[in-house]
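>>> 3D, please:
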Amino acid sequence: MKISVMNARFFGVCLLVTLAAPLWGQVTSEYTKTNRANAIELEQGDPDEPGGDWIRMRFQGFGGYDLLFLAGDARSWLNVVHDDQVSDLLSVTMEHAPGSFAHKANEVVEWRGTHQGKTFTPYAIIYRIAGTDESTGQDRTRLLVFHLKEGNAVFAGRAEGAGEGEKARAIADRNAP
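Sure, this is the predicted structure:
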């Protein structure tokens with residue numbers, strides 16, 4: 001069998017890329033559950049007291065980031081914490097929620113990032129938010145995407161409808177380090 005110089009170079013480049021890929025880091029997702037059982041901190045108001053209908057839970061994330069789940073007045077959202085610096089995401093979450101009384105729709109947060117060896121370095125989070133459509137009274141949901149940059153969480157976009165998971169991951173991966 002005769003191998004041309006061009007084929008040999010192509011094979012060599014492919015081999016180099018294949019062997020070096022783990023060194024560059026593989027883009028993937030990790031997940032955090034945001035339920036009471038997984039909280040590393042939990043504070044709750046007394047619902048029998050005026051203004052006591054609130055809850056605050058902290059969850060360990062990845063790469064030095066933690067998540068704060070905050071709820072009260074029929075609304076809930078996530079804030080992101082890094083080195084005790086809090087990215088307050090209330091306003092942007094309510095702005096991009098699909099209706100009134102926005103609330104975190106499930107217990108899962110997707111983290112997008114890279115693995116290098118055993119270390120996972122996140123660059124974005126994705127989570128589902130729900131809101132009540134006032135015309136139908138039904139909840140609608142969508143995915144919110146936040147980039148993680150230099151200890152801050154910054155709104156990157158939203159996705160809903162058919163293929164929303166893939167769309168949200170594409171938003172998260174856009175401009176990723």
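
>>> hey, let's count contacts and neighbours off CA atoms from now on
Will do.

>>> how many neighbours does D173 have?
Neighbour count of D173, defined by other Cα atoms under 10 Å: 17.

>>> need the strands for this structure, in chain order.
26-33, 41-44, 54-60, 65-72, 75-82, 85-87, 100-116, 119-132, 139-149, 152-159 (DSSP state E).

>>> pull the helix or strand with minimum mean pLDDT from the protein.
Least confident helix or strand, the chain: helix 5-24 with a mean of 43, by mean pLDDT, DSSP states H and E.

>>> distance of T32 from Q26?
To Q26, T32 is 19 Å away according to Cα to Cα, to the nearest Å.

>>> for L78, that is, sorry about that
Distance, L78 to Q26, by Cα to Cα: 27 Å.

>>> With neighbour numbers in mind, choose between the two.
Legend: neighbour count by other Cα under 10 Å for L78 and Q26, higher for L78 (24 against 14).

>>> Can you tell me, leaving aside adjacent residues, what's nearest to that one?
F69 (4.7 Å; Cα to Cα, 6 or more residues apart in numbering).

>>> my read: that neighbour touches V86, true?
No. F69 lies out of contact with V86 (Cα atoms under 8 Å); the separation is 12.0 Å.

>>> hey, what's in contact with both of these two?
The contact sets of F69 and V86 overlap at N79 (Cα atoms under 8 Å, 6 or more residues apart in numbering).

>>> Mind checking which of these two has more residues around it?
Taking other Cα under 10 Å, F69 and V86 do not tie; F69 has more neighbours (20 against 17).

>>> which one is D88 nearest to, not counting chain neighbours?
Leaving out its chain neighbours, the residue that sits closest to D88 by Cα to Cα, 6+ apart is N79, at 5.3 Å.

>>> do D83 as well
What sits nearest to D83 in space, not counting adjacent residues and going by Cα to Cα, 6+ apart, is G64, at 7.0 Å.

>>> And for the residue nearest to Q44 when sequence neighbours are not counted, the neighbour number?
Leaving aside its sequence neighbours, Q44 sits nearest to I55 (Cα to Cα, 6+ apart; 4.4 Å). I55: 15 surrounding residues under other Cα under 10 Å.

>>> Perfect, I'm done here.
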